[in-house]
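Asks: test case, fold it:
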Amino acid sequence: MKKIPFTVLCAFIVSPLLVQCASQDDLNQIHYQLRMLNKKVTDLESSTIDELQKRQANSVNQIDRLQQDLLELRSGLEETGHLNRRLNEQSKELETAFRNYTRQEEEKRLTEMQRLEQEISQKDSQLETLAEQLKAQQENLQAIQQARVEEAKRKAAAAAKAAEEARRRATAASTSGGSIPAIRADKVKKVLAPIAVTTTAPTTVAEPPVRQAEAATPAPTSTPTASAGDAARAKSLFEQGKYRDAYNVFEQLAQSANTVETVEARYMMGECLFALKEFDQAILDYQTIITNYPSSAKAPTAMFRQALAFERLNDQDTAKILYKKLIASYKDSPEASQAQEKLASM
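Replies: Residues are numbered from 1 along each chain as shown. Here you go, the predicted model:
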């Protein structure tokens, strides 16, 4: 807008000079060019201003949109920051809770391990005690068995001495010509061998006693019959409740019978003592079967009755050991099932 007056002013200043130098046509031409120039300037200014205004308006809109986007981004960043802070707090809480849980579990594990170690130590001590008790029982059994063997030897020696004394007296009596007393029936069992009489007297004097001894001495073929009779008598005494008398008969059978009858007699000796509530002695008789005849049919029964005897003596630990040993050694026997039931109820 300021350029138009300036142009006009210049034209007026120069016009006198131009009048003098140029013709009227030139002046008209110059005026025309000036108008065209002014028009172009005006059009240029109008178009430029409109373009600039449009551009300015577009720029304002873009700035508004950018500001709105910035506000949205700022709001999103603030929300994201808030979420991050919450996540950090939750993470710290979870980490603290996890550490507490880990510490509690570690304490529980250590406590449980200490308890288990104490129990294992106690069990080991109990096993050592039981092993010592079992060893002592075995030593006692061996001592008692040895004592019985020595007693049997002593009795055999005494019987042999008595037989030798009787033989010496018979020899002396026959030598002196005196009469030999008749052997009574109740002393037949004490005759170990026929008496051989050597004498210088007439043979008719010594002949009757020798015949009496031969008649009183049982024949070898009659021994099974006598054993069968003693076994029947012993069982009858046991059934009648005469356990002590039955024990004595069974003891004689155990020393004189064959293997099967010996095992049966030895087992019944334990049963007699069990019925008499002499459990410690019954245990020894049962142990004789377990030690000397482990493959017999009575071995698992004897072990089961031995465990029951320990129960009667309030020795539950030894009873448990015997039940377990019975299950391990004679797993297919009926007594193994009974031992399993006993262990379950203890």
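
Asks: how close does the closest residue to residue 249 other than its chain neighbours get to residue 168?
Replies: Taking C-beta to C-beta, 6 or more residues apart in numbering, and ignoring the residues beside it in sequence, residue 249 has residue 234 as its nearest neighbour in space, at 3.7 Å. To be clear about C-beta, it is placed using only N, CA and C from the backbone, and glycine gets the same treatment. Here the distance between residue 234 and residue 168 works out to 35 Å (C-beta to C-beta, to the nearest Å).

Asks: these two: which has the busier surroundings?
Replies: Higher neighbour count among residue 234 and residue 168: residue 234, with 25 against 10, using other C-beta atoms under 10 Å.

Asks: right, and the residue nearest to residue 249 touches residue 250 too?
Replies: Yes - using C-beta atoms under 8 Å, residue 234 is in contact with residue 250, at 5.0 Å.

Asks: shared neighbours, the two?
Replies: Taking C-beta atoms under 8 Å, 6 or more residues apart in numbering as the criterion, residue 234 and residue 250 both touch 265, 268.

Asks: residue 326: neighbour count?
Replies: A count of nearby residues for residue 326, using other C-beta under 10 Å, gives 27.

Asks: number of residues surrounding residue 69?
Replies: Around residue 69 there are 10 residues (other C-beta under 10 Å).

Asks: again, but for residue 235
Replies: A count of nearby residues for residue 235, using other C-beta under 10 Å, gives 15.

Asks: helix or strand for it, which one?
Replies: When secondary structure is defined using DSSP states H and E, the element that contains residue 235 is helix 223-239.

Asks: chain center to the next helix-or-strand element following that helix: distance?
Replies: Following the chain from helix 223-239 toward its C-terminal end, the next helix or strand by DSSP H and E is helix 243-256. In terms of C-alpha atoms, centre = their mean, to the nearest Å, the centre of helix 243-256 is found 45 Å from the chain centre.

Asks: output the very next helix or strand once past helix 243-256 as CSV, restricted to C-alpha atoms.
Replies: Later in the chain than helix 243-256, the nearest helix or strand by DSSP H and E is helix 259-275. Provided in CSV are the C-alpha atoms of helix 259-275 (Å, rounded to 0.1, in the frame of the first residue of the first chain):
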residue,chain,number,x,y,z
THR,A,259,14.3,-135.1,64.4
VAL,A,260,10.6,-134.5,63.6
GLU,A,261,9.5,-135.6,67.0
THR,A,262,12.3,-133.6,68.6
VAL,A,263,11.1,-130.4,66.9
GLU,A,264,7.5,-131.1,67.9
ALA,A,265,8.5,-132.0,71.5
ARG,A,266,10.7,-128.9,71.8
TYR,A,267,7.8,-126.7,70.5
MET,A,268,5.4,-128.2,73.0
MET,A,269,7.9,-127.5,75.7
GLY,A,270,7.7,-123.9,74.8
GLU,A,271,3.9,-124.1,74.7
CYS,A,272,3.9,-125.6,78.2
LEU,A,273,6.1,-122.8,79.6
PHE,A,274,3.9,-120.2,77.7
ALA,A,275,0.8,-121.6,79.4
